[in-house]
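J.: Pasting the sequence and the predicted coordinates here, then a few questions.
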Amino acid sequence: MSSKRVKVLFVCMGNICRSPTVEAVFKKTVKQAGLEDAIFSDSVGTHDYHIGEPPDERAQQAARKRGYDMSKLRARQVETRDFEQFDYILAMDRDNLVLLERKCPSQHRNKLALFCDFDEGHAGQEVPDPYFGGAKGFERVLDMAEQVAASLLAHLREKLK
């Protein structure tokens, strides 16, 4: 294993639904693999609507049912230093990817991608925003997060060799 710690940033619009859900799922996936010292993750939003707020209660409730704790997470907005500090900056959808591309210094653009592109079965897809929908939307986000997080971890394991 490499001594370099890989840093992954998950990005959605407000950082209260999709990106903190993916962060919680990915952190647990990494912990179960025993790779917490090798892989760090965080989440942010492209907008400042919810800075300092905990994840949406519906997202937390759905996550708790599956054994994920999001209670300590707080929303923050992407900052210039994030583009320097993180190795992977993964957007939940194309709209947020475009916003990241606008903010990202050109030398760091290679770090930007869609989260779902790390899983063959979900490549090209977007994680749908559950904010204005019902409970099923939060379950769908968790389903996608679990599947893509496992594939992302497999990808990172190869990079860490």
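T.: That came in fine, so what should we check first? Numbering: from 1, shown residues only.
J.: in the longest helix seen in the chain, what counts as buried?
T.: Longest helix of the chain, by residue count under DSSP state H: helix 135-160. By neighbour count on 16 or more other CB atoms under 10 Å, the buried set for helix 135-160 is 137-138, 141-142, 144-153, 156. For glycine as for every other residue, the C-beta is placed from the backbone atoms N, C-alpha and C.
J.: Let me see the contact set for the residue nearest in space to the middle of the chain.
T.: In the chain, the C-alpha nearest the mean C-alpha coordinate belongs to F10, at 2.7 Å (CA atoms, centre = their mean). Contacts for F10 (CB atoms under 8 Å, 6 or more residues apart in numbering) come out as 18-20, 22-23, 26, 41-44, 90, 92, 115.
J.: Output these in a markdown table; the columns should cover neighbour count.
T.: A markdown table is the format used below for those (neighbours: other CB atoms under 10 Å):
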| residue | neighbour count |
| --- | --- |
| R18 | 34 |
| S19 | 31 |
| P20 | 28 |
| V22 | 28 |
| E23 | 24 |
| F26 | 27 |
| S41 | 23 |
| D42 | 20 |
| S43 | 29 |
| V44 | 25 |
| L90 | 28 |
| M92 | 28 |
| F115 | 31 |
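J.: Name the nearest of the residues you listed relative to L73.
T.: The shortest approach to L73 among these belongs to P20, at 4.7 Å (CB to CB).
J.: Helix or strand for the closest one, just tell me which one.
T.: P20 belongs to helix 18-32 when assigned by DSSP states H and E.
J.: Show me what that helix is packed against.
T.: Where contact means 3 or more CB pairs under 8 Å, 6 or more residues apart in numbering; DSSP states H and E, helix 18-32 is packed against strand 6-12, strand 39-45, helix 57-65, helix 135-160.
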